[in-house]
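Enquirer: the following comprises the amino acid sequence and a computationally predicted model.
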Amino acid sequence: MEEDESMKTRIQKRSPPLVTWKHSWSTNEMQNALTASDFKLVPTEVMLQIFKFLSVHDL
């Protein structure tokens, strides 16, 4: 099966997304939020299983 040249060209021109990260909460705010959260009762292994199904956009 031959590849369509226009599809091949579009794939080659695609560049990776620009990803930036900026903290919007201070360290104290994050620690306080986590300490007060009910999620602190959920074991780490369970949280990892949940988060592996989420995309970056969901987080």
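Expert: Thanks, I have the structure now.
Enquirer: where along this structure do the helices fall?
Expert: 5-13, 27-36, 44-51 (DSSP state H).
Enquirer: so which of these gets nearest residue 20?
Expert: helix 27-36 (18.7 Å; C-beta to C-beta). Just so you know, the C-beta spots here come from the backbone N, C-alpha and C atoms, and that holds for glycine as well.
Enquirer: low-scoring stretches of the chain, by residue?
Expert: In the predicted model, the chain carries pLDDT under 70 at residues 1-12, 57-59.
Enquirer: on that earlier part again, turn the helices of the chain into a markdown table, columns for mean neighbour count.
Expert: Below are the helices of the chain laid out as a markdown table (neighbours: other C-beta atoms under 10 Å):
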| stretch | mean neighbour count |
| --- | --- |
| helix 5-13 | 9 |
| helix 27-36 | 10 |
| helix 44-51 | 9 |
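Enquirer: could you dump those to a markdown table with distance to residue 19?
Expert: Output for the helices of the chain, formatted as a markdown table (distance: least, C-beta to C-beta, whole Å):
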| stretch | distance to residue 19 |
| --- | --- |
| helix 5-13 | 19 |
| helix 27-36 | 20 |
| helix 44-51 | 18 |
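Enquirer: who wins for proximity to residue 21 among those helices?
Expert: helix 27-36 (14.0 Å).
Enquirer: outside of the closest one, which residues touch it?
Expert: The contact list for helix 27-36, computed with C-beta atoms under 8 Å, 6 or more residues apart in numbering, reads 25, 40.
Enquirer: could you dump that helix to CSV, C-alpha only?
Expert: Listed next in CSV are the C-alpha coordinates belonging to helix 27-36 (Å, rounded to 0.1, in the frame of the first residue of the first chain):
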residue,chain,number,x,y,z
THR,A,27,4.8,25.8,48.7
ASN,A,28,2.9,26.6,52.0
GLU,A,29,-0.4,26.8,50.1
MET,A,30,0.2,23.4,48.5
GLN,A,31,1.2,21.8,51.8
ASN,A,32,-1.8,23.2,53.6
ALA,A,33,-4.2,22.1,50.8
LEU,A,34,-2.8,18.6,50.9
THR,A,35,-2.9,18.4,54.7
ALA,A,36,-6.5,19.4,54.8
